[in-house]
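Student: Give me a model of this one.
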Amino acid sequence: MRSKHSIFFLAVVILVMEMCQGCEQDQTRQGCRIQSGVCLCGIGCYSEYRYTTKEECRKALRGSRRDVCQRNPCHNGGACSQTSFEPGYRCRCEGTGYYGNRCQHACPSSNTALQDNETFPYECVVI
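Tutor: Numbering: from 1, shown residues only. Presented below is the predicted three-dimensional model:
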């Protein structure tokens, strides 16, 4: 039973973190993005909606720039989201026990001594 509560709590924490990572009002746009091989259009952060129109998105699907997240660039259970800046995706590592641009580094333990100018990765913070 405790395991179910822990999983539920972790899911709630991840959901809250996702919602808090929203964009500023002037950084929103209406546009489209490629997800699972199809164009999805809506309103969201500029960096998540790469294409201005559905036609632009469809042209990208026909071209070489397919959904980069289909290649599974994120390691260790990280979640991939398409972005408008290179390399075209962002890995979300929160809750995986890993951090880094591709979730490739194991989180240090909470009692690990940090070197000067070194910070504890926010992806590794457990609440």
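
Student: Domain map for the chain?
Tutor: 27-66, 68-109+122-127 (automatic domain parsing).

Student: what distance separates the last one from the centre of its chain?
Tutor: Taking CA atoms, centre = their mean, to the nearest Å, one finds the center of domain 68-109+122-127 at 6 Å from the center of the full chain.

Student: same thing with stretch 52-59?
Tutor: 22 Å.

Student: Contacts for that stretch, please.
Tutor: The contact list for stretch 52-59, computed with CB atoms under 8 Å, 6 or more residues apart in numbering, reads 29, 31-34, 39, 41, 50-51. Bear in mind the C-beta positions are built from the backbone N, C-alpha and C, glycine included.

Student: now those: which count as buried?
Tutor: Buried members of these, scored by 16 or more other CB atoms under 10 Å, are 29, 31-34, 39, 50-51.

Student: Which ones among those residues lie within helices?
Tutor: Among these, no member is found in helices (DSSP state H).

Student: quick one, strands of the protein?
Tutor: 28-35, 38-45, 79-82, 89-92, 98-99, 105-106 (DSSP state E).
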